[in-house]
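1. Predicted model and sequence below, questions to follow.
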Amino acid sequence: MKDGVNGVALAVFIFFFLAVTVMGFLAARWRKAENDSLDEWGLGGRSFGTWITWFLLGGDLYTAYTFVAVPAAIYAAGAAGFFAVPYTILVYPLIFTFLPRLWSVSHKHGYVTTSDFVRGRFGSKGLSLAVALTGILATMPYIALQLVGIQAVLDVMGVGGGENTNWFIKDLPLLIAFGVLAAYTYSSGLRAPALIAFVKDTLIYIVIAVAIIYIPIKLGGFDDIFAKAGDAFSQTNPATGAPRGALAPPETGQWTYATLALGSALALFMYPHSITATLSSKSREVIRRNTTILPLYSLMLGLLALLGFMAIAAGIKVQNGQLAIPQLFETMFPDWFAGVAFAAIGIGALVPAAIMSIAAANLFTRNIYKDFIRPDATPEQETKVSKLVSLLVKVGALAFVLTMDKTVAINFQLLGGIWILQTFPALVGGLFTRWFHRWALLAGWAVGMVYGTVAAYGVASPTQKHFGGSAKEIPGIGEIGYIGLTAFVLNVVVTVVLTFVLKALKAPDGIDQTKPEDYTADAGDPGVQVELPPATAGTSH
């Protein structure tokens, strides 16, 4: 690591940061509507076309943490870290089957969140609340990890001083960055990250294209890179007594690799921020087109993952693996282009953090505040509450990162993935069938949440006693697999069995506010509502 502050890289970073800050505030005037509603602030007026939606979803899903953590996983353990590539390939055919249906029914009834849909479909505020709380809990550590990405860049640039520096001075750059983010998200809503996503994704594509050509040339080609990485992975890890990693996943890790990829694919579009970006599009066809062109990002991700091998070949030595790729950029690139790369990572944190905070705020406003605190809230009041909650969410994430060890944020993000997967039966199942009973779905969700949390708590690692990973032995099979997928299977089994029992007992089934034709409706179809229908007498807790 270079001594002191890298002035050239910092100047380039600040230039791009100021540019997107101006764009964030100007976004408030972009396609501005006369009414101040959650549709306008939280969903951009549901007006985005194919390319805006593509950049928004890409900026939403491929975050600063992705940029830092995927190659960092390769750097630390080898090819096992590549699971992120197949799971993003699996996810797009999967979402092609259900996202257009979700968009249609949400557009028809004015649903802003997944919990809105669950409440309308199953007539249950209790199930809706469970989905909302799960979404908020899973999103909070995800926002915190965007801060980890920014901190990694600031540390490598030498900004903030060393470990002995006064905490306020050390964290001041981070406080400024998120203060600005909070301000333009509050004023511009979803339009801000939608506009900034163009800059973020363009920078990322440029940086990866240059890195995948320039760095191998400097390191002697991919033959030398893989040879040096293979040698490094064959060395014994003193903490475990086993090799550090491998260039290909060993046979003993194949169940873990496969279940983690599949479980992550099922979970990705359960996150509230993924759905918020989806519902902001202007037509059903926009969603269908995006599921066919979003895999271009998976190509980028595969190339990005190779940076982990390059960091090993370049002799990068860091205690914190999250610093490996920023350090690689500073070592291999000219200072000015290192600044461009750091800006790509920094802006790559701002875009998803903004969308995530908006999505969490929408869930609180629609499915907690309006359903349980103030049912008669006007659209203007909803928007005001959502803006305030988006600020609180960001402040909470900031406090989380500044006061806790970074591994805690990572552990909670892994736990968030396990949790959010448990909303799959209610959301995706509800899009295709009304057969599941609302109480059975709630019970299945509870079983999945409890099992997943307890199982993750019991996982130890060489550095920590609890929450040391997301894989554990699968009951009845004996193989090591992803805890989230095991919890999901238990969730589905409980839901199916209890549905049979509750239907046999003729338990009240709630009122379905949707119709079959709602799931194929498009923007030009008549009868589209703009507000969530009020709770009916059949709606139950």
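-> Structure's in. What do you need?
2. which residues of this structure score low on pLDDT?
-> 1-3, 31-35, 160-170, 238-241, 404-409, 524-541 (pLDDT under 70).
3. would you list every one of the strands in it?
-> Assigned by DSSP state E, the chain shows strands spanning 471-473, 480-482.
4. Need the ones you listed in JSON lines (columns: distance to Ala130 and mean neighbour count).
-> Every C-beta, even on glycine, is put in place using the N, C-alpha and C of the backbone. Output for the strands of the chain, formatted as JSON lines (distance: least, C-beta to C-beta, whole Å; neighbours: other C-beta atoms under 10 Å):
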{"stretch": "strand 471-473", "distance to Ala130": "24", "mean neighbour count": "18"}
{"stretch": "strand 480-482", "distance to Ala130": "22", "mean neighbour count": "24"}
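5. I'd assumed Ala9 was in contact with Glu330.
-> Yes: with contacts counted by C-beta atoms under 8 Å, Glu330 reaches Ala9, the gap being 6.9 Å.
6. Need the overlap of contacts for those two.
-> Met157, Ala338 (C-beta atoms under 8 Å, 6 or more residues apart in numbering).
7. Who has more neighbours out of the two?
-> The neighbour comparison of Glu330 against Ala9 (other C-beta atoms under 10 Å) goes to Ala9, with 29 against 23.
8. which one of the strands of the chain lies closest to Leu388?
-> Checking those against Leu388 by C-beta to C-beta gives strand 480-482 as the closest, at 36.5 Å.
9. who touches that closest one?
-> By C-beta under 8 Å, 6+ apart, strand 480-482 touches 252-253, 255-256, 259-260, 262-264, 470-474.
10. Tabulate those residues (JSON lines), appending distance to Ile143.
-> Below are these laid out as JSON lines (distance: C-beta to C-beta, whole Å):
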{"residue": "Thr252", "distance to Ile143": "35"}
{"residue": "Gly253", "distance to Ile143": "30"}
{"residue": "Trp255", "distance to Ile143": "31"}
{"residue": "Thr256", "distance to Ile143": "27"}
{"residue": "Thr259", "distance to Ile143": "26"}
{"residue": "Leu260", "distance to Ile143": "22"}
{"residue": "Leu262", "distance to Ile143": "25"}
{"residue": "Gly263", "distance to Ile143": "22"}
{"residue": "Ser264", "distance to Ile143": "18"}
{"residue": "Ser470", "distance to Ile143": "19"}
{"residue": "Ala471", "distance to Ile143": "25"}
{"residue": "Lys472", "distance to Ile143": "27"}
{"residue": "Glu473", "distance to Ile143": "32"}
{"residue": "Ile474", "distance to Ile143": "31"}
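11. Spatially nearest residue to Val178, not counting backbone neighbours?
-> Slight slip there: residue 178 is Phe, not Val. With sequence-adjacent residues excluded and distances taken as C-beta to C-beta, 6 or more residues apart in numbering, Phe178 is closest to Leu398, at 5.4 Å.
12. give me the number of residues near that neighbour?
-> With other C-beta under 10 Å as criterion, Leu398 counts 22.
13. what residues are up against it?
-> Counting by C-beta under 8 Å, 6+ apart, Leu398 touches Ala144, Leu147, Leu174, Leu175, Phe178.
14. if I pick the fourth one, what's in contact with it?
-> This means Leu175. Leu398.
15. and if you look at the first one?
-> Counting by C-beta under 8 Å, 6+ apart, Ala144 touches Ala397, Leu398, Phe400, Val401, Ala409, Phe412, Gln413.
16. Same check on the second one?
-> Neighbour list for Leu147: Leu174, Phe178, Ala349, Ala353, Ala397, Leu398, Val401, Ala409 [criterion: C-beta under 8 Å, 6+ apart].
17. Which two of those residues have the greatest separation?
-> Once C-beta to C-beta is applied, the contacts of Leu147 give Phe178 and Ala409 as the farthest pair, at 14.4 Å.
18. My guess is Leu127 contacts Val118. True?
-> Yes: the criterion here is C-beta under 8 Å, and Leu127 meets it with Val118 at 5.6 Å.
19. list residues touching both of those two?
-> Going by C-beta under 8 Å, 6+ apart, residues that sit against Leu127 and also against Val118 are Ala426.
20. I'd assumed Thr383 was in contact with Lys370.
-> No: between Lys370 and Thr383 there is no contact under C-beta under 8 Å: 11.7 Å.
21. OK, contacts around the residue nearest the centre of the chain?
-> Centroid-nearest residue in the chain: Leu61, 5.6 Å away (criterion: C-alpha atoms, centre = their mean). Listed by C-beta under 8 Å, 6+ apart, the contact set of Leu61 reads Thr88, Leu268, Ser274, Leu294, Tyr297, Pro352.
22. Tell me the spacing between it and Leu43.
-> 17 Å (C-beta to C-beta, to the nearest Å).
23. Kindly report the same for Thr514.
-> For Thr514, the distance to Leu43 - C-beta to C-beta - is 19 Å.
24. again with His107
-> For His107, the distance to Leu43 - C-beta to C-beta - is 10 Å.
25. Now for the two: what residues contact both?
-> Counting by C-beta under 8 Å, 6+ apart, the residues touching both His107 and Leu43 are Leu279.
26. By neighbour count, which of the contacts of Leu147 wins?
-> Neighbour max across the contacts of Leu147 (other C-beta under 10 Å) = Ala353, 32 neighbours.
27. Would you check that Thr88 makes contact with Leu296?
-> No: between Thr88 and Leu296 no contact is recorded; they are 10.7 Å apart, counting by C-beta under 8 Å.
28. which of these two has more neighbours?
-> More crowded of Thr88 and Leu296, by other C-beta under 10 Å: Thr88, with 24 against 12.
29. Identify the residues contacting that one.
-> Counted by C-beta under 8 Å, 6+ apart, Thr88 has contacts Leu61, Ala265, Leu268, Pro295, Tyr297, Ser298, Leu301.
30. quick one: which of these sit in helices?
-> Judged by DSSP state H, the subset of the contacts of Thr88 located in helices is Leu61, Ala265, Leu268, Pro295, Tyr297, Ser298, Leu301.
31. What's the ChimeraX syntax to select whichever of the residues you listed are buried?
-> A single ChimeraX command selects the buried members of these (16 or more other C-beta atoms under 10 Å):
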select :61,265,268,297,298,301
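32. Which single one of the ones in helices among the contacts of Thr88 is nearest to Ile95?
-> Leu268 (8.2 Å).
33. Please name the nearest non-neighbouring residue to the closest one.
-> Val91 (5.1 Å).
34. And the spatially closest residue to Phe400 that is not a sequence neighbour, how close does it get to Gln413?
-> Of all residues not flanking Phe400 in the chain, Ala144 sits nearest, at 4.7 Å (C-beta to C-beta, 6+ apart). Computed as C-beta to C-beta, the Ala144 to Gln413 distance reads 8 Å.
35. And Ile150, by the same measure?
-> In terms of C-beta to C-beta, Ile150 sits 15 Å off from Gln413.
36. How about Thr365?
-> 24 Å.
37. who has more neighbours, those two?
-> Thr365 (29 against 21).
38. got the residue ranges for the helices in the stretch 301-450 of the chain?
-> 307-313, 324-332, 335-364, 379-403, 406-421, 424-432, 438-457 (DSSP state H, counting those that start in this stretch).
39. Oh, that last question was meant for the stretch 151-300 of the chain, not what I typed.
-> 167-188, 191-219, 222-234, 254-268, 272-279, 284-293, 295-305.
40. Just the buried residues of the longest one, please?
-> Judged by neighbour count (16+ other C-beta under 10 Å), helix 191-219 contains these buried residues: 191-201, 203-205, 207-208, 211-212, 215-216, 219.
41. so what secondary structure elements neighbour that helix?
-> The contact analysis (3 or more C-beta pairs under 8 Å, 6 or more residues apart in numbering; DSSP states H and E) places helix 191-219 against helix 7-26, helix 50-61, helix 167-188, helix 222-234, helix 295-305, helix 307-313, helix 324-332, helix 335-364.
42. again, only using 7 Å
-> helix 7-26, helix 50-61, helix 222-234, helix 295-305, helix 307-313, helix 335-364 (3 or more C-beta pairs under 7 Å, 6 or more residues apart in numbering; DSSP states H and E).
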